[in-house]
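**Q** A predicted structure for the sequence below; I have some questions about it.
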2 protein chains.
Amino acid sequence: MAASTLSEVARLAGVSLATASRVLNGSSRKPAEDIAERVREAADKLGYVPNAQAQALAKSSSGLIGLIVHDIADPYFSAIARGVQEAARQQNRMVLLASTSGAPSDEKEAVAAFAARRADSIVIAGSRSVRAEDKQGNTELAAELDRYCRNGGHVGVVGHPVVGASTTEGYHVVKVPNEELAAGLAVELAATHDGAFLIIAGPEGLYTSDDRVRGFQRGLADAGMPAAEVIRAGFNRAGGYEAGLALAERIKASKERLCIFAVNDVMAIGVTAALRPEGVWIPRDATIAGFDDIETLRDFRPALSTVHLPLEDIGRLAAGDPDTPPVSGAVKLRRSTETPVESQV
Amino acid sequence: MAASTLSEVARLAGVSLATASRVLNGSSRKPAEDIAERVREAADKLGYVPNAQAQALAKSSSGLIGLIVHDIADPYFSAIARGVQEAARQQNRMVLLASTSGAPSDEKEAVAAFAARRADSIVIAGSRSVRAEDKQGNTELAAELDRYCRNGGHVGVVGHPVVGASTTEGYHVVKVPNEELAAGLAVELAATHDGAFLIIAGPEGLYTSDDRVRGFQRGLADAGMPAAEVIRAGFNRAGGYEAGLALAERIKASKERLCIFAVNDVMAIGVTAALRPEGVWIPRDATIAGFDDIETLRDFRPALSTVHLPLEDIGRLAAGDPDTPPVSGAVKLRRSTETPVESQV
DNA sequence: TTGCAGCGGGAATGCGCTTTCCCACACGAA
DNA sequence: TTCGTGTGGGAAAGCGCATTCCCGCTGCAA
């Protein structure tokens, strides 16, 4: 990647390096118009593209914003990524992407890489976890982030604080009211469903999942219902599918309709997909609700009851956009939890 | 973003800058083990993180790979992004992201920004277009890419070459056999459907869409069927939805089942979503097929007939991964184009 | 006419690192 | 003992740019 440099431009325009720099790359001092014009012409003729690396080095600020997600192809993350991207665009920055499949140790490396690139800020999306196997990774991640912040970096985390992070300057968490919203969902569901509830959760220790489970149980309690049984599975479609398979027989054997709460939309879809070939129809034989309100899944049938989350805004907020309204979700009851006509005797 | 520098490390370790560099940042010359150990300790104590910008400047190679997509939240692009990301990871690079909502002039700016950052290579996903309003943008984009390549950059384009790009060194196109696959789809559909066909296409001039339309028509011709009528709409779900609305009455009025080919999956979903409230059922009243085989839509019901594209591999290929097999799609016939039992008299 | 701001351009320094070149030293052969 | 030869560390020159000084010039008041 060689390209023409500023000094070449300066030479061609017959001015000094300083002047050329002032003309081309924005400075408080504005050279005279005629000379500026000459510089611009020279730059144009040479196809000059400023070297952002060198600029960053000289003024120690890179205009980069690092984004860490578990999986960029997951619609949850890609929606957040879009928000981050938009915020970055507004701030005239570029987004540096890292997918880590969720392991804190990978995330730590990503943070280090971002720090090496002197990213102005880092956004970490994806659920934090306190699982035992992540213990060391979490500690290292926290240390790395801490160092990054001490060196003047800004960190935005979606959902929960990074485990073990000492609240440093420049560290902010975009709170997602998972618990409250899950409680709200439970209350609304309890209003029309008086059978049993069941929760299909992610692995224990995953904050997002745990919060939603806790909230849902609290909502049930508030509504005067007994606590729901909790089944653990992977926090993705496959997990939901597996849980669905395990559940099919039970549902068919039972006489009353079960109301299932899967802690995110893709899990709910997985459950539904597993149930269908078994002849268990939603919402006829069981009802189901998810969480996130993933856009790509809106056309899914039966329409999935869920909790809407402004994912794009969340991304924007994490990226430090000041104009974005605070996170506020909303329960969306749709077909998948409706009481079918024939049983509304 | 201040941090400890290499010279601080060198001083603490009591060695020269050169030695410290050789120890910490990989060089062909390996200093003695005892001295290396001292340097490593010093680096560790200071929490040294090499400044990638400075490294890039010094060795003029940034380890960056730029990715340009229309919309990162679109599952088509996010799947490609995942592939690019993985390839980058393998090559020990980082991905720089730019979303452009499809305008060539935006893409041009993204290329310039990547060039400024001295990205080693650039991947452009998303359909090329020859629409009149994109004419100037295309020209500028081509010029910018050309300059980038001449300066030693590598460019990978998904699908079609950038309009007007003179084939320079370092420019490669990941061919996607849209036309052939669409033809294959048409042939397979024609085998079981003998009514009329209709194509819901994207805007005229969008290569991807045009290719698929052309291929489908050719397939129909090969199968001895008359050409299908073509309706134009937006190349996204909204476009499909709109087209679906416009179509509903017609389908209800007609006595024979129509077979609809939407040029991508999300459009097909949009069509289906528009048709459903009108009482038009797929595949009872009409059948429909899409293109892309988007993963998130696999659980959609009726299961969507489509053409599978190895999107992740495409991303990898565009990012220059040598171990990825060439692009090969496959027709996937599913429920949405099945002949329902009751009409199989 | 002299003195003093004020303005605009240029030389030079440094951002943090890689890499070339040089030099001191040790070792083996003659 | 002396001369090559190799080995390993250090000094220094950039990489491309921003920015701080510095300096010459002009315009104005005294």
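**A** Yep, it's here.

**Q** And residue A:171, its phi and psi?
**A** The phi/psi pair for residue A:171 (degrees, to the nearest 10) reads phi -110, psi 120.

**Q** so what's it bridging to?
**A** Counting by DSSP bridges, residue A:171 forms beta bridges with residue A:155.

**Q** how about the residues of the stretch 101-250 of chain A near chain B?
**A** Contact residues, the stretch 101-250 of chain A versus chain B (CB under 8 Å from any CB of the partner chain): A:112-113, A:115-120, A:147, A:151-153, A:237. Heads up, the C-betas are built off the backbone N, CA and C, glycines and all.

**Q** so which of those comes closest to DNA strand D?
**A** Distances from DNA strand D to these, taken as CB to the nearest atom of the strand, are shortest for residue A:118 (12.8 Å).

**Q** ok, which pair from the residues of the stretch 101-250 of chain A next to chain B is furthest apart?
**A** Spatial extent of those (CB to CB) is set by the pair A:152 and A:237 at 40.0 Å.

**Q** would a markdown table of the residues of the stretch 101-250 of chain A next to chain B with pLDDT and neighbour count be doable?
**A** Below are those laid out as a markdown table (pLDDT from 0 to 100; neighbours: other CB atoms under 10 Å in any protein chain shown):
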| residue | pLDDT | neighbour count |
| --- | --- | --- |
| A:112 | 92 | 18 |
| A:113 | 93 | 20 |
| A:115 | 92 | 25 |
| A:116 | 91 | 18 |
| A:117 | 92 | 28 |
| A:118 | 91 | 26 |
| A:119 | 93 | 27 |
| A:120 | 91 | 21 |
| A:147 | 88 | 18 |
| A:151 | 84 | 16 |
| A:152 | 85 | 15 |
| A:153 | 89 | 24 |
| A:237 | 94 | 23 |
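
**Q** can you narrow these to ones near DNA strand C?
**A** Contacts with DNA strand C within those, counted by CB under 7 Å from any atom of the strand: none were found.

**Q** any idea which of those is closest to residue B:15?
**A** So of these, ranked by how close each gets to residue B:15 (CB to CB), first place is residue A:116, at 21.4 Å.

**Q** got a list of what that closest one touches?
**A** Each residue near residue A:116 by CB atoms under 8 Å, 6 or more residues apart in numbering or on different chains is listed here: B:49-52.

**Q** returning to what we had before: which members of the residues of the stretch 101-250 of chain A next to chain B are positioned in helices?
**A** A:112-113, A:115-116, A:147, A:237 (DSSP state H).

**Q** Check the gap between the residue in the stretch 151-300 of chain A that DNA strand C sits nearest to and residue A:98 for me.
**A** Closest residue of the stretch 151-300 of chain A to DNA strand C, CB to the nearest atom of the strand: residue A:151 (10.1 Å). Between residue A:151 and residue A:98 the computed distance is 19 Å (CB to CB, to the nearest Å).

**Q** now do residue A:9
**A** Taken as CB to CB, the span from residue A:9 to residue A:98 is 35 Å.

**Q** the more surrounded of these two?
**A** residue A:9 (26 against 23; other CB atoms under 10 Å in any protein chain shown).

**Q** hmm, the helix or strand in which that one is found touching DNA strand D?
**A** Element membership for residue A:9, per DSSP states H and E: helix A:6-13. Yes - contact of helix A:6-13 with DNA strand D (CB under 7 Å from any atom of the strand) involves A:6-7.

**Q** How about that helix, which residues are buried there?
**A** A:6, A:9-10, A:12-13 (16 or more other CB atoms under 10 Å in any protein chain shown).

**Q** Any buried residues in the next helix or strand after that helix, and which?
**A** Sequence order places helix A:17-24 as the next helix or strand after helix A:6-13, per DSSP H and E. Within helix A:17-24, the residues scored as buried using 16+ other CB under 10 Å are A:19-24.

**Q** Let me know the closest of the ones in helices among the residues of the stretch 101-250 of chain A next to chain B to residue A:212.
**A** Using CB to CB, residue A:237 is the member of those that lies nearest residue A:212, at 16.7 Å.

**Q** what secondary structure does the residue lying closest to that closest one once chain neighbours are set aside sit in?
**A** Leaving aside its chain neighbours, residue A:237 sits nearest to residue A:270 (4.0 Å; criterion: CB to CB, 6 or more residues apart in numbering or on different chains). Following DSSP: H, G, I helix; E, B strand; the rest coil, we place residue A:270 in the helix state.

**Q** can you pull the contacts of residue A:270?
**A** Contacts of residue A:270 (CB under 8 Å, 6+ apart): A:236-244, A:262, B:299.

**Q** for the one helix or strand residue A:249 maps to, packing partners?
**A** Using DSSP H and E, residue A:249 sits in helix A:237-253. Counting contacts by 3 or more CB pairs under 8 Å, 6 or more residues apart in numbering or on different chains; DSSP states H and E, helix A:237-253 packs against strand A:197-201, strand A:229-232, strand A:258-262, helix A:265-275.

**Q** Hmm, residue A:96 and residue A:88 touching each other?
**A** No - using CB atoms under 8 Å, residue A:88 is not in contact with residue A:96, being 9.5 Å away.

**Q** joint contacts of these two?
**A** residue A:65.
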